[in-house]
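Turn this into a model:
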Amino acid sequence: MSSKMIAKVFGTFIFMVLMGCSESKYTSMVKKELASGVIHDSLFLGLRLGQTRKDFFEICWNLNREKKVTHSEIFPFVKYPLPKKTTSDPEKDMTMLFYGDFDEGKTIMTGMKLQFYYDAWAIWSKPLQSDQLLLAVKDSLEKWYPGNDFIRVSLKKDSTELLVKVDGNRRITIKPLDDNRIVKAKIDDLRYVLDKE
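Numbers count the residues shown, from 1 in each chain. This is a model prediction of the structure:
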């Protein structure tokens, strides 16, 4: 499946989940945050919402030359080994994959797709499975992007939950990609994507 198709499926999925959940809590959160006029555009590593596609590739190219990122085995993602934890537990070292989400003209970055996994992941290691990783990703994203708490949204079609956080124009969603290893997240600029949902 192409990355464009995956992005469309994921976007449709997020929209259906958010519109099908308790509309009052999610909708009131979005209205309140957008009405605040607060703009959050900073992402990480010099990347920002609203940058051009050219800027995205140029920044990634420079980060690659500095050996901070590399290409990922999952196309088209960029691989970023997160800075090592200060604890002495190397099992908790994590890698983040990222790739910009762009408007219909493929010119402006309207969001960022993320995937996380533990470097030492193994099928038999319960502490490294995606259900535990989800909590670590949530904690990390709350530290990187302070503000409101994540709210839990139950998905109608199965028993999983989606975590959603909205601060000003920035929406962050988190969900396990699979039952074992990867947790995905998405950062969206609601100024660009809300009218398309």
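
And the helices in the protein, which stretches?
Taking DSSP state H as the criterion, the chain carries its helices at 3-20, 23-35, 53-65, 130-144, 190-193.

Show me what the shortest one is packed up against.
Going back to what we said before, that points to helix 190-193. helix 23-35, strand 109-118, strand 170-176 (3 or more CB pairs under 8 Å, 6 or more residues apart in numbering; DSSP states H and E). Just so you know, the C-beta spots here come from the backbone N, C-alpha and C atoms, and that holds for glycine as well.

mind running it again at 10 Å?
helix 3-20, helix 23-35, strand 94-102, strand 109-118, strand 170-176 (3 or more CB pairs under 10 Å, 6 or more residues apart in numbering; DSSP states H and E).

What angle do strand 170-176 and the second one make with each other?
Translated: helix 23-35. Angle between the axes of helix 23-35 and strand 170-176 is 140 degrees (criterion: axes from the mean of the first three to the mean of the last three CA atoms, to 10 degrees).

just the third one next, same as before
Regarding strand 94-102 and strand 170-176, their directions subtend 130 degrees when assessed with the same axes, to 10 degrees.

for the chain, which spans come out with low pLDDT?
1-24, 85-91, 155-160, 195-197 (pLDDT under 70).

I'd like to know how far the spatially closest residue to Lys184 that is not a sequence neighbour sits from Ala185.
Sequence neighbours aside, Leu177 is the residue nearest to Lys184 in space, at 4.5 Å (criterion: CB to CB, 6 or more residues apart in numbering). Counting by CB to CB, to the nearest Å, the separation of Leu177 from Ala185 is 10 Å.
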